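K.L.:
fold the following, please.
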Amino acid sequence: MYKLRTKLAWIFLGLAAVGLRMSLSAYPEVVERYYSRGLFPAIRWAIDYLLGWLPLPLIYPFLLLLLFLIIRQGRRWWKRPYEKLWARGLDALLGIGAFAGGAVFFFLFLWGFNYARAPLEKQLGLELSPLSLSELKEELYYETEQVKRLRSLIPDADTEPISKAMLPASLERVLRGELEQLLGRLGFSTIGRVRGMYVYPKGIFLRFGSSGLYFPWTGEGHVDAGLHPLQKPFVLAHELSHGYGFGDEGTCNFLAYLATIQSENPVIAYAGRLNHWRTLAANYRYYEPEKYREFRESLPLGIQADLDAINEVLLRYPDFFPQLRYAAYEAYLKAQGIEEGMLNYDRVIMLARAWRLSQRI
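P.N.:
Numbering: from 1, shown residues only. Predicted structure coming up:
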């Protein structure tokens, strides 16, 4: 009877958390005040200062422990005597429901309610609107001049691709400092010390169409170790942004963009600009593929070499199930209240333009 009550309790907690999340979606200001700027910073502090000192990603022991518990519980379930087959099936369903309920409850409690917080653009007073083709080209040309300027400032940068040796040795610490400085300036909490860890084997995320992952159950950000060095600063800053309480993918792209381009290290600033340049270029290529090809071929040889090197790395790890992965993540994002689904990643284009115009740069 005790085990039955425990299972039902976890199922109830999971359902209650989902119900609360759905109710709070209509009150983003409440979430912002009481969770994102109230409870979550305390959770952030507890995770970081109790577990954040460990040198290895916690996702490894977490998944091993989870696998052990599932196997152990499965063996106990199998050996348990049941008078009727339906009783065994019902017990299994309750066990699965309890596991799912607990996972959902801790996902939302530890981080997931941040999906319902007030939109960043509203808090920063930015007006967003889809870009016309001429506006898209304007942004692309602006970023092109910036990447040209920044690459010229990198010591020993010639026509060869930027190498890993040119990045700071303590990239995680540097980027966390850049992001905290940015968030503090914008008026957001920087309590805690979010970790951003490289995950092996190389390509483990890339083969599923991703480059990083924030894992709410351990409170750490993760970056695929197989990424090209010029991709790592932006992706790492993106995952750290998740760790500081932002769920929206376009928002985290925007924060990663601002955090990297403000850096005094020209390689980090260049990497951030180049990542945004690639997003703009991908959108422009959709409208004018032939003109895009001519435009790309007119770039300095060093920038072309960097773009080719990034593409070469990505081709090493082709996506296993692109359509299935896209559909699954599309459904996940929409379930979190992000109506545009995967297109949410490209909101950074609107955010970056609105920010640039607001700063008159």
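K.L.:
per-residue pLDDT, E83?
P.N.:
E83 carries a pLDDT score of 67 in this model.
K.L.:
so where do the helices sit in the stretch 201-350 of the chain?
P.N.:
232-243, 249-261, 266-287, 289-297, 301-316, 322-335, 347-359 (DSSP state H, counting those that start in this stretch).
K.L.:
weakest of these in terms of mean pLDDT?
P.N.:
helix 322-335 (a mean of 59).
K.L.:
quick one: low-confidence ranges for the stretch 51-200 of the chain?
P.N.:
Residues of the stretch 51-200 of the chain that meet the criterion pLDDT under 70 lie in 83.
K.L.:
coming back round to it: among the helices of the stretch 201-350 of the chain, which is the most enclosed?
P.N.:
helix 232-243 (a mean of 28; mean count of other Cβ atoms under 10 Å). From N, CA and C alone the C-beta is placed, and that goes for glycine too.
K.L.:
quick one: that helix to helix 266-287, angle?
P.N.:
Counting by axes from the mean of the first three to the mean of the last three Cα atoms, to 10 degrees, helix 232-243 lies at 90 degrees to helix 266-287.
K.L.:
which strands and helices sit next to helix 232-243?
P.N.:
Secondary-structure packing of helix 232-243 (3 or more Cβ pairs under 8 Å, 6 or more residues apart in numbering; DSSP states H and E): helix 171-186, strand 196-199, strand 212-215, strand 220-224, helix 249-261, helix 266-287.
K.L.:
quick one: contacts of that helix?
P.N.:
If you take Cβ atoms under 8 Å, 6 or more residues apart in numbering as the criterion, helix 232-243 is touched by 44, 111, 167, 171-172, 175-176, 178-179, 192, 194-196, 211-214, 219-224, 227, 251-253, 255-257, 259-260, 267-268, 271-272, 275.
K.L.:
let me have the helices of the stretch 201-350 of the chain in CSV, extended by distance to G187.
P.N.:
Formatted as CSV, those follow (distance: least, Cβ to Cβ, whole Å):
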stretch, distance to G187
helix 232-243, 15
helix 249-261, 13
helix 266-287, 22
helix 289-297, 38
helix 301-316, 34
helix 322-335, 26
helix 347-359, 15
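K.L.:
out of the ones you listed, the one nearest I154 is which?
P.N.:
Closest to I154 of the helices of the stretch 201-350 of the chain is helix 266-287 (Cβ to Cβ; 4.9 Å).
K.L.:
any idea how far the closest one is from the chain center?
P.N.:
Relative to the mean C-alpha coordinate of its chain, helix 266-287 is positioned 17 Å out (Cα atoms, centre = their mean, to the nearest Å).
K.L.:
before we move on, what about stretch 309-316?
P.N.:
20 Å.
K.L.:
CA atoms of it as PDB?
P.N.:
The C-alpha atoms that make up stretch 309-316 are tabulated as PDB, following Å, rounded to 0.1, in the frame of the first residue of the first chain:
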ATOM      1  CA  ALA A 309      36.400  24.400 -41.900                       C
ATOM      2  CA  ILE A 310      33.200  24.700 -39.900                       C
ATOM      3  CA  ASN A 311      31.200  23.000 -42.700                       C
ATOM      4  CA  GLU A 312      33.800  20.300 -42.900                       C
ATOM      5  CA  VAL A 313      33.500  19.500 -39.200                       C
ATOM      6  CA  LEU A 314      29.700  19.400 -39.400                       C
ATOM      7  CA  LEU A 315      29.900  17.000 -42.400                       C
ATOM      8  CA  ARG A 316      31.800  14.600 -40.200                       C
END
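K.L.:
quick check: E312 vs F109, distance?
P.N.:
Using Cβ to Cβ, to the nearest Å, one gets 42 Å for the distance from E312 to F109.
K.L.:
among the helices and strands packed on helix 232-243, which comes closest to A98?
P.N.:
Smallest distance to A98 across the helices and strands packed on helix 232-243 (Cβ to Cβ): 21.2 Å, for strand 212-215.
K.L.:
which elements pack onto the closest one?
P.N.:
Checking 3+ Cβ pairs under 8 Å, 6+ apart, strand 212-215 ends up next to strand 220-224, helix 232-243.
K.L.:
tell me which of the ones you listed approaches R185 most closely.
P.N.:
Proximity to R185 (Cβ to Cβ) singles out helix 232-243 among the helices and strands packed on strand 212-215, at 14.3 Å.
K.L.:
please verify my assumption that P300 contacts R151.
P.N.:
Yes: applying Cβ atoms under 8 Å, one finds P300 in contact with R151, separated by 7.2 Å.
K.L.:
neighbour-wise, which of these two wins?
P.N.:
R151 (21 against 14; other Cβ atoms under 10 Å).
K.L.:
if anything else comes up later, I'll come back, but that's it for now.
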